[in-house]
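# Okay, here's the prediction I keep looking at, along with the sequence it came from:
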Amino acid sequence: MKRLNNIKSKIISILITVFASFISALALHVFVYPANFVPLGVEAIVTLLYSVFPSINSGYFNLLLNAPLIIFALFKLDKKYVVYTLLFTLISSLFLLIFGAINLPAYIAEDGRIISAIFAGVMLGLRTGFMLKIGSSTGGVDIIACFVQKKMPYVNVERIISVICIIIIGISYFVFNDFNCILLAIIQLFISEKTTEFIMRENREAIEVKIITNSPNELYYDIVDVLGHTATIVDAKGMYTERANYMVLTVVNRRQISEIVKISKKYPQTFIYYTKVSGVYGKFRKNKDDVID
């Protein structure tokens, strides 16, 4: 069964990689290249080279620039990460070669190029999010960032990538001789990042609740019986009074906040606070067999 699940997982990851490669190449060929602005990372350099040498298919530039980075990654990074990144690079380059060979129609905006930037941002954000979901990347700058993060985990890699992207966007002005290309690139960058965040966000959003109380057992059973969730009781001590107390930890659905506040009011000297969590993995409902308190 475990082997079957592994095979199924690999097939799904391959299909996701193919789909991400397709929408990536489609976004570049249909929206980015004809609108004369640059996307993120190495693909920005690919776009600049293609604008200077339009007779050469951009798929070749994509392979040429990503190849040394992937070869480097083979010896330095996780093999699964590198394999799917390589697969993405090869397939997306192949799609670029096909689109160029068949002269796939490009989108030419009549009322401004902002629509191209918006749709390119959405599509490139989707492909990035999908690749991150399977534990891989789209190559290019992501490989460099992954290596830097591995060697120096406390370095703000996102800031470094942002600076690199800004520099490339600035250089694009001297290639396209158009200030609008900078504005379009910034719009595409913003939308792409927001789309990636949306894809990476877990569907199971919930609320983490922490309750300081001297009635932990009564509170615990109310949470289990009324809300259908389990909870964890931790020994605590107040710094001001140095009085022994307890902290009850639980995770609930957003709609249950009012209920848990109401439950807490039943017990004097109880303090409650809660925060939103970005995602939940595993079961957090009442189930003796599945949940460890």
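Done, it's in.

# And the residue most central in space within the chain, how close does it get to residue 125?
Per Cα atoms, centre = their mean, the C-alpha nearest to the average position across the chain is that of residue 200, at 4.0 Å. Note on residue 200: its distance to residue 125, by Cβ to Cβ, to the nearest Å, is 10 Å. C-beta here means a position set from N, CA and C on the backbone, and glycine is covered the same way.

# Select the longest helix from this protein.
The longest helix of the chain (DSSP state H) is helix 2-27.

# re earlier: please determine how far the residue nearest to the centre of the chain is located from residue 133.
According to Cβ to Cβ, residue 200 stands 7 Å off from residue 133.

# ok, residues contacting the helix or strand where residue 129 lies?
Assigned by DSSP states H and E, residue 129 falls within helix 114-133. The contact list for helix 114-133, computed with Cβ atoms under 8 Å, 6 or more residues apart in numbering, reads 16-17, 19-21, 23-24, 26-28, 31-32, 34-35, 37, 39-40, 84-85, 88, 107, 109, 137-138, 184-185, 187-200.

# What is the distance between that helix and the centre of its chain?
Relative to the mean C-alpha coordinate of its chain, helix 114-133 is positioned 11 Å out (Cα atoms, centre = their mean, to the nearest Å).

# going on from it, what's the next piece of helix or strand?
Counting by DSSP H and E, what follows helix 114-133 is helix 141-151.

# got the buried residues for that following helix?
By neighbour count on 16 or more other Cβ atoms under 10 Å, the buried set for helix 141-151 is 141, 142, 143, 144, 145, 146, 147.

# what bits of the stretch 51-200 of the chain have low per-residue confidence?
By pLDDT under 70, the weakly predicted segments of the stretch 51-200 of the chain are 110-111, 149-150, 153-158.

# Would you map the helices across it?
Ranges of helices in the stretch 51-200 of the chain, per DSSP state H, counting those that start in this stretch, are 58-76, 79-101, 114-133, 141-151, 157-176, 180-200.

# ok and the fifth one relative to helix 180-200, angle-wise?
Computed by axes from the mean of the first three to the mean of the last three Cα atoms, to 10 degrees, the angle separating helix 157-176 from helix 180-200 equals 150 degrees.
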